[in-house]
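> With the input below, show me the fold.
(2 chains)
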2 protein chains.
Amino acid sequence: MSVATLVDGVATTSLPLDDRGLAYGDGVFETVLVADGTPVWWERHLRRLQRGCAALEIPAPRIDLLQAEATQLAAGAAHALLKITITRGAAARGYAPPRDARARRILARHPAPAPDPRAHGGIMLRWCRMPLALQPRLAGIKHLNRLEQVLARSEWDDAGIAEGLMCDTQGRVVSATAANLFVVRDGRLATPSLQQCGVEGTCREWLLERAEVQVRELQPDDVLGADELFICSSVRGILPVARLDGRDWDVGPMTRRWQQALWDEVAALCPRMESGA
Amino acid sequence: MSVATLVDGVATTSLPLDDRGLAYGDGVFETVLVADGTPVWWERHLRRLQRGCAALEIPAPRIDLLQAEATQLAAGAAHALLKITITRGAAARGYAPPRDARARRILARHPAPAPDPRAHGGIMLRWCRMPLALQPRLAGIKHLNRLEQVLARSEWDDAGIAEGLMCDTQGRVVSATAANLFVVRDGRLATPSLQQCGVEGTCREWLLERAEVQVRELQPDDVLGADELFICSSVRGILPVARLDGRDWDVGPMTRRWQQALWDEVAALCPRMESGA
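Take a look at the predicted model:
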């Protein structure tokens, strides 16, 4: 399946050069799983998009148009990703956001990776050296200023490493580069607080609504000392961690329980069990 | 004068949608003053651009091509701005920078603002509430992740306020939204250290090469208690501060001295004295 794109509803593969998304990363984005022609967790993604626009004081995009465009691109796609980018649109040079800014809608349908078979046996993680800066005003939302994640993700090439864990500049564990982190200790779930940095993932939100989870500061030792460990995202689902920093974990009961609950709700995230997996 | 644009040497007003500059702010930029058809401080801007690319591990752009394109756009422009953006170019979805990335060159010629007549009598500043996060890995360079500056600059509309001063998340003064800050106390120049955040401006660099300047931490009280205060940028030159936070300053001798030295080197930054200014 090829990439299909719409900018403000028009099929095009290009963006006007004066867009503030390019100039300053002045916008937000979502990556939405599409299964059987339908965007998964559409309302959930939409809410985060709207929270992000509000935080950046970008006028909210027309939801009816966004929905129609998403529907158009998702139609007929058995398994795909829909990337939605909202920018503050076109403007003259300079940081000052124009008072009459019009949000620009950029939608692109991409091939989706197959569900990761390592969801069964667990993935290998690494620690990233690149830290996340503390910036409460931008924490939680999925804005377009992503150099920290880019540099963190550039630290490894090994396809055997599924993700890297990032700490903030004070050494607290925050998340993977493109997924949230949960730990289990003595049968209790915990996940890092994202008040200072990090992205509030939609799969994390789904879990917080259903499970009893402590949202708190986590140190690297809390992670390495956990009984179970998993990362999650709306694109990859719940992936148990089998190895990090010389420690090995079996996939534990809490991880399996929530993984199964997620697969029951979003079957497209469930990988087929392969022989030997 | 209209905006003229080149992308990788081709006259166009649009950018491919899969550019990583749009996706993640994955790039750097420069805004270069053009006077009488010539980019001012070209080598200086080029060096910062190259430092920025190195810091982001973006392959350096072809300098011969960049130079030819800048020359082409600057030709015949009496007074203009040349904005140069270098991105990591096109790539598939995902944070991982492609190992075979090719830097993309985006050049745009914009009208330049006339030299600010307030260079004579001084400008009014304000404090911004939006803080700058501490991120040593991205400090100093002029990358495309500029939401902090955008949100800071959105805090005021009053055209009488020329700039806003930003502090870091620990309350230390860093810079204006689009200019560096210098203070004078007891005849000595000082400017904030930019090891943790902020952009190393080209006019700041020009000053550091010529003047004896303490580069150190500055608290708001150091700013308000200064004998003289000025901001500087390669586009606006040296602008004395006449008012901030209820304090008034006359334009002092140190400010005038360096302002004059700058105008002697870059005449295009010198505003004509207007009656009553």
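> In chain A, where is pLDDT below threshold?
Of all residues in chain A, those with pLDDT under 70 make up the ranges A:1-2, A:274-277.
> need the longest helix for it.
helix A:42-56 (DSSP state H).
> what sits up against that helix?
The set of residues external to helix A:42-56 that reach it, using C-beta atoms under 8 Å, 6 or more residues apart in numbering or on different chains, is A:26-28, A:30, A:32, A:39, A:58-61, A:63, A:66-67, A:70, A:84, A:86, A:88, A:103, A:137-138, A:140-143, A:200, A:202, A:205-206, A:234, B:147, B:150-151. For glycine as for every other residue, the C-beta is placed from the backbone atoms N, C-alpha and C.
> mind redoing it with 7 Å?
A:28, A:30, A:32, A:60, A:63, A:84, A:86, A:103, A:141-143, A:200, A:202, A:205, B:147 (C-beta atoms under 7 Å, 6 or more residues apart in numbering or on different chains).
> in it, what's buried?
A:42, A:44-46, A:48-50, A:52-53, A:55-56 (16 or more other C-beta atoms under 10 Å in any protein chain shown).
> In CSV, could you pull the C-alpha coordinates for the helix or strand just after it?
Helices and strands here follow DSSP states H and E; after helix A:42-56, the next one along the chain is helix A:63-74. Only the C-alpha atoms of helix A:63-74 are listed here, as CSV (Å, rounded to 0.1, in the frame of the first residue of the first chain):
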residue,chain,number,x,y,z
ILE,A,63,-13.3,18.3,13.5
ASP,A,64,-16.0,17.4,10.9
LEU,A,65,-13.5,17.9,8.1
LEU,A,66,-10.7,16.1,10.0
GLN,A,67,-13.1,13.2,10.5
ALA,A,68,-14.2,13.1,6.9
GLU,A,69,-10.6,13.1,5.7
ALA,A,70,-9.6,10.4,8.1
THR,A,71,-12.5,8.3,7.0
GLN,A,72,-11.6,8.8,3.4
LEU,A,73,-8.0,7.7,3.9
ALA,A,74,-8.8,4.8,6.2
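> which helices and strands sit right next to helix A:63-74?
Secondary structure elements in contact with helix A:63-74, counted by 3 or more C-beta pairs under 7 Å, 6 or more residues apart in numbering or on different chains; DSSP states H and E, are strand A:4-7, strand A:38-39, strand A:79-87, strand A:104-111.
> what residues does that helix touch?
Helix A:63-74 has contacts (C-beta under 7 Å, 6+ apart) with A:4, A:6, A:9, A:34, A:37-39, A:46, A:82, A:84, A:105, A:107, A:109.
> likewise stretch A:105-121?
The contact list for stretch A:105-121, computed with C-beta under 7 Å, 6+ apart, reads A:1, A:3-8, A:15, A:33, A:61, A:65-66, A:69-70, A:73, A:77, A:79-87, A:162, A:236-237, A:239, A:242, A:259, A:269-271, A:273-274, A:277, B:17, B:93.
> next one: stretch A:26-36
With C-beta under 7 Å, 6+ apart as the test, stretch A:26-36 has contacts from A:20-21, A:39-40, A:42, A:45, A:48-49, A:52-53, A:56, A:58, A:74, A:77-88, A:112, A:141-144, A:234-235, A:268, B:147, B:150.
> From those residues, keep the buried residues only.
Buried members of the contacts of stretch A:26-36, counted by 16+ other C-beta under 10 Å: A:20-21, A:39-40, A:42, A:45, A:48-49, A:52-53, A:56, A:58, A:74, A:77, A:79-88, A:112, A:141-144, A:234-235, A:268, B:147, B:150.
> Are we agreed that A:L239 is in a helix?
No. With DSSP: H, G, I helix; E, B strand; the rest coil as the criterion, A:L239 is assigned strand and is not in a helix.
> From A:A119, how far off is it?
Distance from A:L239 to A:A119, counting by C-beta to C-beta, to the nearest Å: 6 Å.
> Near chain B, which residues of the stretch 101-250 of chain A are found?
By C-beta under 7 Å from any C-beta of the partner chain, the part of the stretch 101-250 of chain A that sits against chain B consists of A:106, A:108, A:110, A:130, A:133-135, A:137-138, A:143-147, A:149-151, A:153-154, A:169, A:177-178.
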